[in-house]
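1. structure here, sequence nowhere to be found:
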């Protein structure tokens, strides 16, 4: 492999080919520290051309490639396995914003740009790039697209997939495909773009993308609503969709225990209501016309919902700091649950109409089989996507409970499957759910996926052990 | 082939296997009568299972298959070639709406359902299925998806692709892939759905789809605006996007000659303005909150645009019949131009920001090379998609002018390419643009497409001679 390393050094400069374990460590380690892989080397190219050169060298030497962006994924998709036979291809040095076209509402950026940098560049141009995730300060454009990231604005703007018009990709063959189009309509053949999006680097390496921008809204209004049940939340979602139309941009469900954990473990967090309620919804609207008129409208809407008994109480944030305080209750749930102790996480989706029944049924089965276990259920109800996490009973040891992981996963995922849902709504499959998915996808679908993989990466060099 | 026909008869019933030329004629003929193909037989299955049986039989006998919906396409994609070796597989008998889930905002329909039937079913459930095309009374769900149809609501709701959550497909192998999911989020592997969408039946046969519905708006407001130029239209689009946000659902550009032709050739059509203007925009908004308030808002918006000199005049439709009258000016352009005589059509897109320059440059080149030829330019400016059609000079014979078709196409498409645009924005490639596209797509992209085709349809049975 000395010859391989030497050729990589020649291609991108010796200082960007890392082989010293002190240097490679951060690229091999999963950020939640569940697993550490072992890389033959870490390659840090600075341009698409350098990526193509490296892939060509890897192809010659039969070295497999693990593309990596911010390494913030949740499914072990961006670290190598333990074999020491793969290189990590870090895209972080491809970090130029190549163009902004405000009249076309597009921004073209390289894969290694931070999501927050894209958001900022859009804002500087009086535009909105709507993708918004907890990890936005460290995740990258390439990672967002390779995993088809979701987040809190999907209800209105869609997933990362829906925010991308064009891609530049280095194929497994080492070719550069320039598909960087800024077109809303282009019906000239197969949708290669969407094939690479969400493929988690197993079909090729995304090196740049042309992203959709939106006009920036004049105001966002944030409301926290208290409700009796998920059924009431579904009713509210239906009413809000109808009355607020596309101004409805966020609809996050929060169960009581989520709020309790945040208040218990996170400093400076308190219950915004004077009473306790079983469920909450954090609802956001984005306004383009008049903030004042929108405020009047949302007040009227909430009053009508209260009068009809659909909701129990509501707090409308009066200013940005109040809105941030409400959002911070939502955003701190994962951290609060982690502080409480180890737990078993699920990133699932079901048809929105099935959410109440799914929660009721699955809660009941968990109680039956794992008595006292606490379901910490929250998430993007407007997209049918719940983070349905299970913590042990308050008195039980987390270490003991966690041994049930496989059985708990089976129970939850079987329910998801019964409700025609997905066992990975927004996080992807990576190495973590590669085996699990085979249980739920049809043989025909797995075969179609294998056929695509075989066709585009015949030597199986791209991100081995992920997805398929 | 007798044995082949017999097996098809056994599979779906003798009366649904058409071989009599009187019966097959309508399926072989392109609706604009530019071309007539020759089919070995026309097969009319009634279910997905029957489709799968037929594909399996075709595979055994090596008979190629041309899937057909409403046969309303514009690029010769749904008729067979002249060899008499392909069967037409008509999906029209698969016309059940399988399910509507209003709380999930989804509708599942079979491929042969008419678009208008889907729109109506959605409306009956107080929902909107936003896809809207001139041929909506005769085109089908399967055709819409196979060609990724566009239409007049793309600006807000996207193409057919964006309105589809799940598919059922019979593969070239005769397998049924059940991908009929009603999920907004599902990151469990490769995006097979989007691969079959827009593939024009060359990778498999779409037999059913789960479509997105939207809450029905309380009102649509239609405005016809008079402007100086495409530059002014671009400015207006920018302002409208910003001020109206997602309530802006339509933005159609119309040049003066379009309006003139409609008034000249279509009965009961008249100029809504008392003066003549060089360009017009038909602008539509959809309102979920209050129609009254929306009307006040759009009046204020138009007044501000007038005062700032961005627009020259504007007419806000006061009621539905006035709105329909304005829309009928737009919808009759193609018909009016056809009545005027033969012309050379282009369905192109460029980045929205480039539209004024594209029009100026291309008009100028046409005048230079085909003096007096009249550019009938109109279309979905909000999506960057123009129908840039060229009629002969008023005194020139259409038959003579039409002989320049190839040269005119070359001139226009070369300009589109220079502006990083698409030579088929919403109509697809079919047989019509199959050769043309090879001139503009990179070798690498064509190879990727061929790789996909080879992988999913190794015996080249699916819609031969289309796309690739």
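-> Alright, I've got the coordinates. Only a predicted model underlies this, so the values are computations on that prediction, with no experimental measurement involved.
2. quick one: secondary structure of the spatially most central residue of chain A?
-> Nearest residue to the geometric centre of chain A (CA atoms, centre = their mean): residue A:149, 3.6 Å. Using DSSP: H, G, I helix; E, B strand; the rest coil, the structure places residue A:149 in coil.
3. skip the chain neighbours and tell me the closest residue to it.
-> Once flanking residues are discounted, residue A:149 sits nearest to residue A:160: 4.5 Å by CB to CB, 6 or more residues apart in numbering or on different chains. Just so you know, the C-beta spots here come from the backbone N, C-alpha and C atoms, and that holds for glycine as well.
4. surely the one you found touches residue A:145?
-> Yes. Counting by CB atoms under 8 Å, residue A:160 does reach residue A:145; the two are 5.3 Å apart.
5. buried ones in stretch A:224-238?
-> A:224-227, A:230, A:232-238 (16 or more other CB atoms under 10 Å in any protein chain shown).
6. try stretch A:282-292
-> A:282-290.
7. also stretch A:382-397?
-> A:382-392, A:396.
8. ok, which pair from those residues is furthest apart?
-> Taking CB to CB as the measure, the buried residues of stretch A:382-397 span a maximum distance of 33.3 Å, between A:382 and A:396.
9. for residue A:123, what are its contacts?
-> residue A:216 (CB atoms under 8 Å, 6 or more residues apart in numbering or on different chains).
10. over to residue A:80?
-> By CB under 8 Å, 6+ apart, the contact set of residue A:80 is A:28, A:37-39, A:66, A:86-88.
11. again, only this time at 6 Å
-> A:37, A:39, A:66, A:86, A:88 (CB atoms under 6 Å, 6 or more residues apart in numbering or on different chains).
12. quick check: it vs chain B, distance?
-> 21 Å (CB to the nearest CB, to the nearest Å).
13. and residue A:305, how many neighbours does it have?
-> For residue A:305, the count of nearby residues is 21 (other CB atoms under 10 Å in any protein chain shown).
14. with residue A:355 instead?
-> By other CB under 10 Å, the residues close to residue A:355 number 27.
15. spatially nearest residue to it (excluding sequence neighbours)?
-> Spatial nearest neighbour of residue A:355, chain neighbours left out: residue A:230 (5.6 Å); criterion: CB to CB, 6+ apart.
16. show me what from the stretch 101-250 of chain A comes close to chain B.
-> Proximity of the stretch 101-250 of chain A to chain B, by CB under 6 Å from any CB of the partner chain, involves residues A:101, A:103-104, A:148, A:150, A:175, A:177, A:182-192, A:194, A:198-199, A:215, A:241-242, A:245-246.
17. quick one: stretch A:357-374 near chain B?
-> No. Using CB under 6 Å from any CB, we find that stretch A:357-374 stays clear of chain B, coming within 11.0 Å at best.
18. and the contacts of that stretch?
-> Residues outside stretch A:357-374 that contact it (CB under 6 Å, 6+ apart): A:230, A:257, A:350, A:375, A:390-393, A:411, A:415, A:419.
19. return the member of the contacts of residue A:80 nearest to chain B.
-> residue A:66 (18.0 Å; CB to the nearest CB).
20. before we move on, which element is the closest one in?
-> Here residue A:66 sits within strand A:64-68, counting by DSSP states H and E.
21. same thing with residue A:100?
-> Secondary structure (DSSP H and E) places residue A:100 in strand A:97-101.
22. re earlier: nearest to residue A:468 among the contacts of residue A:80?
-> Nearest to residue A:468 among the contacts of residue A:80, with distances taken as CB to CB, is residue A:66, at 14.8 Å.
23. I'd like to know how far that closest one sits from residue B:341.
-> Residue A:66 sits 61 Å away from residue B:341, taking CB to CB, to the nearest Å as the criterion.
24. ditto for residue A:267
-> 77 Å.
25. neighbour count for those two, which is higher?
-> Here residue A:267 and residue B:341 are compared on neighbour count by other CB under 10 Å; more neighbours surround residue B:341, at 15 against 5.
26. how about the strands in the stretch 51-200 of chain A?
-> Remark: strands assigned in the stretch 51-200 of chain A by DSSP state E, counting those that start in this stretch are A:64-68, A:86-90, A:97-101, A:106-110, A:127-128, A:164-171, A:176-179.
27. got these as a markdown table, with mean neighbour count columns?
-> Listed next are those as a markdown table, based on neighbours: other CB atoms under 10 Å in any protein chain shown:
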| stretch | mean neighbour count |
| --- | --- |
| strand A:64-68 | 26 |
| strand A:86-90 | 25 |
| strand A:97-101 | 16 |
| strand A:106-110 | 24 |
| strand A:127-128 | 20 |
| strand A:164-171 | 24 |
| strand A:176-179 | 20 |
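28. of all those, which one is nearest residue A:433?
-> Of all those, it is strand A:64-68 that lies closest to residue A:433, at 17.0 Å by CB to CB.
29. that closest one versus strand A:164-171: what angle between them?
-> With axes from the mean of the first three to the mean of the last three CA atoms, to 10 degrees as the basis, strand A:64-68 and strand A:164-171 are set at 150 degrees to each other.
30. what helices or strands is strand A:64-68 leaning on?
-> If you count contacts as 3 or more CB pairs under 6 Å, 6 or more residues apart in numbering or on different chains; DSSP states H and E, strand A:64-68 packs onto strand A:86-90.
31. now do the buried residues in the top helix by length along chain A.
-> With secondary structure taken from DSSP state H, chain A has its longest helix at helix A:291-307. For helix A:291-307, burial by neighbour count (16+ other CB under 10 Å) applies to A:294-295, A:297-298, A:301-302, A:305.
32. repeat that for stretch A:134-153.
-> Applying 16+ other CB under 10 Å to stretch A:134-153 flags A:135-136, A:138-153 as buried.
33. who's in contact with it?
-> Against stretch A:134-153 from outside (CB under 6 Å, 6+ apart): A:69-70, A:72, A:91, A:109, A:111-113, A:115-116, A:130-133, A:159-161, A:164, A:197-198, A:200-201, A:206, A:209, A:249-250, A:426, A:428, B:185, B:187.
34. quick one: average pLDDT of the host helix or strand of residue A:27?
-> Using DSSP H and E, residue A:27 sits within helix A:21-28. Here helix A:21-28 scores 96 as its mean pLDDT.
35. identify the residues contacting it?
-> A:18, A:36-37, A:39, A:42, A:79, A:88.
36. and for stretch A:410-421?
-> With CB under 6 Å, 6+ apart as the test, stretch A:410-421 has contacts from A:346, A:348-350, A:354, A:358, A:362, A:365, A:423, A:440.
37. swap in stretch A:8-17?
-> By CB under 6 Å, 6+ apart, stretch A:8-17 touches A:41, A:43-45, A:50, A:53-54, A:57.
38. are any of the residues you listed buried, and which?
-> Using 16+ other CB under 10 Å, the buried ones in these are A:41, A:43-45, A:50, A:53-54, A:57.
39. could I get those residues as CSV with pLDDT and distance to chain B?
-> As requested, those are arranged in CSV below (pLDDT from 0 to 100; distance: CB to the nearest CB, whole Å):
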residue, pLDDT, distance to chain B
A:41, 98, 27
A:43, 98, 22
A:44, 98, 25
A:45, 98, 19
A:50, 98, 18
A:53, 98, 16
A:54, 98, 18
A:57, 98, 19
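40. flag every residue of the stretch 301-450 of chain A that's near chain B.
-> A:349, A:351-353, A:383-385, A:422, A:424-426, A:428-429, A:437, A:444, A:448-449.
41. still on that earlier bit, put the buried members of the contacts of stretch A:134-153 into a PyMOL selection.
-> To isolate the buried ones among these in PyMOL, judged by 16+ other CB under 10 Å, type:
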select buried, (chain A and resi 69+70+72+91+109+111+112+113+115+130+131+132+133+159+160+161+164+197+198+200+201+206+209+249+250+426+428) or (chain B and resi 185+187)
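42. out of the contacts of stretch A:134-153, name the ones that lie in helices.
-> If you go by DSSP H, the contacts of stretch A:134-153 have A:115-116 in helices.
43. where does the stretch 51-200 of chain A dip in pLDDT?
-> By pLDDT under 70, the stretch 51-200 of chain A has no low-scoring segment.
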